[in-house]
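> coords below, sequence missing:
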């Protein structure tokens, strides 16, 4: 039985969201831990990682909202 393409796309994006959230949590923790060390260059690298991951997560969440809207328009119920 083939999975509906819409559901497959949704699951892929949800996996991306989970992975990105994990990476963002790790980067935030590294940034926090490094904030007490007097090495501005390394701190800026961690800040850049946190910013990049937060922006990526925002794009993923936006895509999920679009998929949710599309699915609701099709009168369906999302599996999450």
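Sure, I can see it. In this text, all values refer to a predicted model and were calculated from it rather than measured experimentally.
> This structure: helices as residue ranges?
Per DSSP state H, the chain carries helices over the ranges 5-34, 40-73.
> Reformat those as CSV; add mean pLDDT and mean neighbour count.
Every residue, glycine included, has its C-beta placed from N, CA and C. CSV is the format used below for those (pLDDT from 0 to 100; neighbours: other CB atoms under 10 Å):
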stretch, mean pLDDT, mean neighbour count
helix 5-34, 92, 14
helix 40-73, 90, 14
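> how much space is there between residue 8 and residue 18?
Per CB to CB, to the nearest Å, residue 8 is found 16 Å from residue 18.
> same deal with residue 41?
From residue 41 across to residue 18, the span is 31 Å (CB to CB).
> And residue 11, by the same measure?
The spacing between residue 11 and residue 18, counted by CB to CB, is 11 Å.
> cool, and residue 26?
Counting by CB to CB, the gap from residue 26 to residue 18 is 13 Å.
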